[in-house]
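J.: Sequence and predicted structure below; questions after.
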Amino acid sequence: MDIIETDSVTLSYGTKTVISGGYMKLVSGRVHALVGRNGYGKSSLMRVIFGTQPAEFSFTRYNGRKLQQPFKVPGLIRYLPQFSFIPRNIKAGVFARSYEVPWQKIVACFPDFAAIENAYVSSLSGGQIRMLATIVLICSPVKFVMLDEPFTHIMPLHVEIIKDLIRREAANGKGFLITDHMYDHVLDLADAYYYMEWGVVITMTREALLEKDYFLRLR
Ligand SMILES: Nc1ncnc2c1ncn2[C@@H]1O[C@H](COP(=O)(O)OP(=O)(O)OP(=O)(O)O)[C@@H](O)[C@H]1O
């Protein structure tokens, strides 16, 4: 079993403190939900865990060993941000292979992409680019994948394809951390739960989170 732990994150932007503590443990083979209201720091926390967001304080361990920049550890972790990050002047197949994902694997889970291996990213629609990035990161051969809003603005049929893929990869031992405002999809997949409130990461049971989420929806 592989474990990433993050503890006592303190992060401010200027004078505004966005994250001020809490503990998170990501375990291989599990899907972890990260839930919280808009602007409560979920994306920022993912960037801190990934190692690209400097924080006043953060403490991340992998299997008990302290890590400074997890994204630099080969084969450890990927992060899908909310925005598009794929260079537009490369071909779709080249992008997939740069993440060590053979094109056949992409087509096996999403046959619509059979004909676009040699298409430049610049020729794809926004929806295709998002789907490509999401599938490639989920499939890449790493221990953990963090997904920031993988279901938002995705058509329902494609959401189900992404969910099936996450289930298969988790069953093969990959750990996931997912945040998305489409809570139903996240909760459908998750078997561990974190809630962010007032800058603190709180470990929750599913029941407690659903109660929080219920009030969240009413606000
Ligand atoms: N680079 C930045 N510089 C300054 N402020 C930032 C920066 N990134 C995020 N913020 C602010 O920090 C707060 C937390 O943002 P963050 O995107 O982490 O929250 P979130 O929970 O992921 O939000 P959402 O659910 O809307 O995606 C917000 O008020 C946001 O405006």
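T.: Thanks, I have the structure now.

J.: Secondary structure class of the residue nearest to Met131 when sequence neighbours are not counted, three-state.
T.: In space, and not counting its chain neighbours, Met131 is closest to His158: 6.0 Å by CB to CB, 6 or more residues apart in numbering. Backbone N, C-alpha and C define where each C-beta goes, glycine included. Secondary structure, DSSP: H, G, I helix; E, B strand; the rest coil: His158 is helix.

J.: And His158, how close does it get to Gln104?
T.: According to CB to CB, to the nearest Å, His158 and Gln104 sit 19 Å apart.

J.: Mind checking which of those two has more residues around it?
T.: His158 (17 against 10; other CB atoms under 10 Å).

J.: For that one, give me the pLDDT.
T.: His158 carries a pLDDT score of 94 in this model.

J.: just checking, it touches Gln128?
T.: No - if you go by CB atoms under 8 Å, His158 and Gln128 don't touch, sitting 10.1 Å apart.

J.: you'd agree Ala133 is in a helix?
T.: Yes - the assignment for Ala133 is a helix, going by three-state DSSP.

J.: With adjacent residues omitted, what lies nearest to it?
T.: Leaving aside its sequence neighbours, Ala133 sits nearest to Ile86 (CB to CB, 6+ apart; 5.7 Å).

J.: quick one: the longest strand along the chain near the ligand?
T.: With secondary structure taken from DSSP state E, the chain has its longest strand at strand 3-13. Yes - if you take CB under 6 Å from any ligand atom as the test, strand 3-13 does meet the ligand, through Tyr13.

J.: For that strand, which outside residues touch it?
T.: Under the contact criterion CB atoms under 8 Å, 6 or more residues apart in numbering, strand 3-13 has outside partners 17-28, 41, 44-45, 48-49, 53, 55-64, 70, 77, 144, 175, 201.

J.: low-confidence ranges in this structure?
T.: The chain contains residues with pLDDT under 70 at 213-219.

J.: mind listing the helices for it?
T.: For the chain, the helices defined by DSSP state H cover 42-50, 92-98, 103-109, 126-139, 156-171, 183-189, 206-218.

J.: which one of those is the most hemmed in?
T.: Mean neighbour count (mean count of other CB atoms under 10 Å) peaks for helix 42-50 among the helices of the chain, with a mean of 23.

J.: mind checking which of the helices of the chain is nearest Glu197?
T.: Closest to Glu197 of the helices of the chain is helix 206-218 (CB to CB; 8.0 Å).

J.: Hmm, Cys139 and Glu169 touching each other?
T.: Yes - contact status for Glu169 versus Cys139: in contact at 7.0 Å, counting by CB under 8 Å.

J.: hmm, stretch 44-57 touching the ligand?
T.: Yes - against the ligand, stretch 44-57 shows contacts by CB under 6 Å from any ligand atom at Ser44.
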